[in-house]
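Novice: predicted model and sequence follow; I will ask about them next.
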Amino acid sequence: MANLEARLDWRMQQLRDEWIAYSVLVLWLLWIALPFYGISMTTQDQLDFSLAGTAPDYWQEVWNAAVSQGRIYFLFTKSIDHFVAAYPELLAIKLVNWSAFLLSVVAFSYIVFRNLAHGVLFVWVFFCLVWIGYAHQPPAAYPLVNHVPFLLLTLTTFAIRRAAVSERRRPLWWGMVFFCSFLSFFQYEPLTAFALVVLLWVIYSGDTLSHHCRLRAYQTVLIAFLLYLSLYVIWSVSFPSNYDGAERGTLSLVTLFRVWVAYTLGAVTGLAGVTFDTQLLWGDSDIGVANLHYGRALLDQSDRIFTLLFTVLAAVLVYRLLKSSCMENQGQSRISYLMKVWVFVVLALGALNGPIALSAKYQSWADSWVEPYLTSHLALYPLVFLIVTTLIWVVARFKQWAAMILAAFLFIFGSNAVLMHEQNQAVSIKMRTFVNKWEAISMVAECRDQLFSEDYIAPQFYYSTYQKALDWHRYWRQYASQRYGVSVNLWAQASDRFNPVLSIYQDDRGRLQLVAVQSEHEFHVLGTGSLWPNLFLGQSGRQIEVDFEQYSHCGESGYRIWTVKTDQNHVKPVWGVPQQPAFRDFSVLKYAIGTSVPAANAQIELISGWHELEREHVWSNGLVSVFRIPLPSNYTSPVAIRIYGFYFDGAEKTGVYVNNQYLGSFVLGQEKITLPESSLAGEDLKVELRHTHPTSPMALGMSEDVREFKFGLSRVYLEVSNEPAALKQQASAAR
C-alpha cells in the first residue's frame, strides 16, 4: 500500500510538472505570436474588399467576384474576405484572425503527430521561424481564409480516427469526413491540392486504421475531391476567368523549378519583405516615399531581454518534455518513415507552389531564388514537420549524443525566435498604422454630427503600403458613405477656405491613441477613453486645458468626443511628463533627376561636376560633383539624407560634404546620413560628392564612350521631422 501511494504521489507530481510546463509554453506562444494580433489586411486587396464588404448588396459582390474570376470557391472565401476587410478595427475581427492563425499551427501538429511532446516541439519550432512580411503573406494578406482549411483538415483527421475505433457512430463520422474534406477542398487552388496531399498522408500513415477503414477513408476523401473538382470545372467553363494570374507562363522545367524553389524558400528567410519603399501621395502627385524598415533599436531593451529569458525558459521546458519522449514512438525514428516524410513534404510543397509556378504572373514576381508569397507562409507548415521529424530520427540514431543534439537544436532555433520576434514587433508597428486609419475614419463618421464638418485636411490618410496609385479622397468618401451613410471628405492639401485638420496619434506599439480635429476656434479629441495624454500643447507651447470628465458619446461603438474652445492652432497631445511626444511625425521627401522627370518636379539643381542628363539619372564628371536641393522651411531637425544611384566599375566610398561641412565617406545608397544642426543653415542643402578613381567605358573596353564618371545619381531622399519647433523647445525646456 505504501508503494502504491508513493507511486500515485510521484505520478501526480509528474502531472503537475507537465501542466506547469505546458502552461508556460502556451504563454510563450502567445507572447511570440503577439505581433500578429491586430494587423488584418494591409495589401491592396484591403481597399477593394472593404468597399465590396460595405456595398449595399453584400452577396451580389461575392457572386460577382466568383463569376468574374471563374472561381467557384470565391462563394466561400470572398464572403469571409469582404467582411474581414470591411470591419478591420473591430475587436472580434482581430481576435478571430489571430486565433485562427494560432490554432492552424496547433491543428497541423495534431494532424501529423500523435505524440504530444513532438506536437509541442512542432509548434515551438514553427513560432521560432514564422515572420511577418509586407507582401502577400498572412496576416498582411488574407489573414483568415488561409488558416480555416487547417481547422477543417483537423476535423477531418479527427473524424477518420474516430471512425476507426467507434462502431456505434461510424456512419456519423464518415459523414463528417466527407463534409469537412469537401470544405477543405473548397479553397484557393494551391490549398486544395495541399489539402488532398495532407488527407492522403493522414490515411496512409494512420497506424491505427484497419485495412477496411483505410480503404473507406480513401474512397470518402476522393469522392469529396472529385465532386468539388467537377463543380470547379463546370463553373470555370461557364464563367471564363479574367484573372491575370490565370495566364499560362513559360513551361520550361528550369523556370518551373526556380519559381517553386523561390516561393518555398520565401517561407524561412525572414529577410525578404523586411524593407519596403512605399509612396507618399498628395492628391494625384507622387511627392515622397517612406522606407518601411523599422530599426531594431526602436524596440525597448526590456522587451528584448524579456523575450530572450522567456525563450530560454521555454526551450528548457521543451527539452525536458522531449528528453523522455523522442524514443517513445519507435515508428517515427525509423529511416523508412523519415524517407516517407520527405516524399510527403516534397508533394505538399509541390501542391502549394506548383500551381502558381505555371502562372506568368507569379513567374514574373519570382525574379530571384527567394521570394515570399502567400504560399511561402503555408509552406512553412510541412517544412517544420520535416525539420522536427528529422530531429527525432537523428536523436534516436545517435542516442549517446541525444542531449547535446537537442540542446544545440533548441539553442539555434531559440536564438532565431528572439530575432524574428524583434523583427515582427517592428514590422507590425508600421502595419498597424495602416489599419488604424479604418478605426479613425469610423470615429470621425460616428462623431460627424458633433464635428459640424464633412471636409477635413488629413494627409495621413494618403500614406500607406498600398502599391497601386489610388484616388484616396474618393475611396474614403465611398467607404464612409457605404458603411455609415454619412459624407466625409478627406483632403491631402488645404484649399482656399479653412477646413478642420484631422490627425491620428498612436503609441510606440502601433496602437491608436486618439484622433484630433483642429478647427478654427475648437479642438476636438476622439477616442475610446484609454491611452489618453497627460496634456495638450498649442503652437506657442502653451498648455491647453482639457477636462477629461466632460465628454459626449458618439454612435453605438462607445467612442467619446471632447471639445475645447481655443485660439491656439496645431495643438498636439503629449504623453508622460512634458517631453518629446510619443508620436513622432516624419516625412520622407523624394527628389528625382533625369529627363523623364517633369520640369515642375525637378528640384535637384545640378551645380557642377555632372555630365548631360539621361532618362532617369545623371553621371558624375570628374572628381567633384555638386548639387543643391531645397530644405523645407516648415521642417525642423533631425534631418537625414540618403543619396541613391549606382557606381561604375565597383562601389567605393564617396566623401560627402553638406553646406561645406564634411560628414564622412559613405557607400551611397547603403547608408542614411544624419545631418548635424550646424549644416542646416539656410533654405537649401548644397551637397558635394568627392569621388575616387573615375574612369570611362572605353578605358575598360566596354564601349566607345570616352566620358569619365564614377557615380550615377538617380534620386535623393530627405527625411525631415514635422514636429513644430515651438513644441520641441517646450519639451527641451521641460527636460
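Specialist: Okay, I see it. Fair warning: this is a prediction, and the values are worked out from it, not measured in the lab.
Novice: where does pLDDT dip in the stretch 551-700 of the chain?
Specialist: In the predicted model, the stretch 551-700 of the chain carries pLDDT under 70 at residues 566-588, 599-601, 632-637, 670.
Novice: mind redoing it with 90?
Specialist: Under the criterion pLDDT under 90, the flagged ranges of the stretch 551-700 of the chain are 551-605, 613-617, 622, 629-642, 644-653, 659-661, 663-685, 692-700.
Novice: repeat that for the stretch 251-400 of the chain.
Specialist: When the per-residue scores of the stretch 251-400 of the chain are filtered using pLDDT under 90, the ranges that remain are 251-338, 353-377, 391-400.
Novice: residue 456: what's it in contact with?
Specialist: For residue 456, the contacting residues are 444, 488, 489, 490, 491, 499, 500, 501, 502, 517, by Cβ atoms under 8 Å, 6 or more residues apart in numbering. Heads up, the C-betas are built off the backbone N, CA and C, glycines and all.
Novice: can you check residue 318 too?
Specialist: If you count contacts by Cβ under 8 Å, 6+ apart, residue 318 has them with 25, 120, 121, 124, 410.
Novice: show me those that map onto helices.
Specialist: If you go by DSSP state H, the contacts of residue 318 have 25, 120, 121, 124, 410 in helices.
Novice: give me the buried subset of these.
Specialist: 25, 120, 121, 124, 410 (16 or more other Cβ atoms under 10 Å).
Novice: related to what we said a few turns ago, closest to residue 684 out of the contacts of residue 318?
Specialist: Here the nearest of these to residue 684, counting by Cβ to Cβ, is residue 124; it sits at 55.1 Å.
Novice: didn't that closest one look like it was pressed against residue 26?
Specialist: No. Taking Cβ atoms under 8 Å as the definition, residue 124 is not a contact partner of residue 26, at 11.0 Å.
Novice: run a quick neighbour tally on residue 87.
Specialist: One way to gauge burial is a neighbour count; for residue 87, by other Cβ atoms under 10 Å, it gives 18.
Novice: list just the nearest of the buried ones among the ones in helices among the contacts of residue 318 to residue 427.
Specialist: Minimum separation from residue 427 among these (Cβ to Cβ) is found for residue 124, which lies at 21.6 Å.
Novice: not counting sequence-adjacent ones, nearest residue to that closest one?
Specialist: The shortest distance from residue 124 to any residue that is not its chain neighbour, by Cβ to Cβ, 6 or more residues apart in numbering, is 5.3 Å, and that residue is residue 318.
Novice: helix or strand for that neighbour, just tell me which one.
Specialist: helix 301-323 (DSSP states H and E).
Novice: send the alpha carbons of the next helix or strand after that helix over as CSV?
Specialist: Moving toward the C-terminus from helix 301-323, the next helix or strand (DSSP H and E) is helix 335-357. Listed next in CSV are the C-alpha coordinates belonging to helix 335-357 (Å, rounded to 0.1, in the frame of the first residue of the first chain):
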residue,chain,number,x,y,z
ILE,A,335,14.7,5.7,-41.7
SER,A,336,11.9,4.2,-43.8
TYR,A,337,9.4,6.6,-42.0
LEU,A,338,11.7,9.5,-42.5
MET,A,339,12.0,8.9,-46.2
LYS,A,340,8.2,8.7,-46.4
VAL,A,341,8.0,12.1,-44.7
TRP,A,342,10.5,13.5,-47.2
VAL,A,343,8.2,12.3,-50.0
PHE,A,344,5.1,13.8,-48.3
VAL,A,345,6.8,17.2,-47.8
VAL,A,346,8.0,17.4,-51.4
LEU,A,347,4.5,16.6,-52.6
ALA,A,348,3.0,19.1,-50.2
LEU,A,349,5.4,21.8,-51.3
GLY,A,350,4.7,20.9,-54.9
ALA,A,351,0.9,21.2,-54.2
LEU,A,352,1.4,24.7,-52.7
ASN,A,353,3.9,26.2,-55.1
GLY,A,354,3.4,24.0,-58.2
PRO,A,355,0.1,25.5,-59.5
ILE,A,356,1.4,29.1,-59.2
ALA,A,357,4.7,28.2,-60.9
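Novice: which parts of helix 335-357 are buried?
Specialist: By 16+ other Cβ under 10 Å, the buried positions in helix 335-357 come out as 337-338, 341, 344-345, 347-357.
Novice: residue boundaries of the strands in the stretch 601-735 of the chain?
Specialist: For the stretch 601-735 of the chain, the strands identified by DSSP state E, counting those that start in this stretch occupy 605-608, 610-613, 618-620, 624-630, 636-647, 654-658, 661-666, 673-675, 684-690, 711-721, in order along the chain.
Novice: partner strands of the longest one and their direction?
Specialist: In this case it means strand 636-647. Strand 636-647 sits in its sheet next to strand 673-675 (antiparallel), strand 711-721 (antiparallel), going by DSSP bridges.
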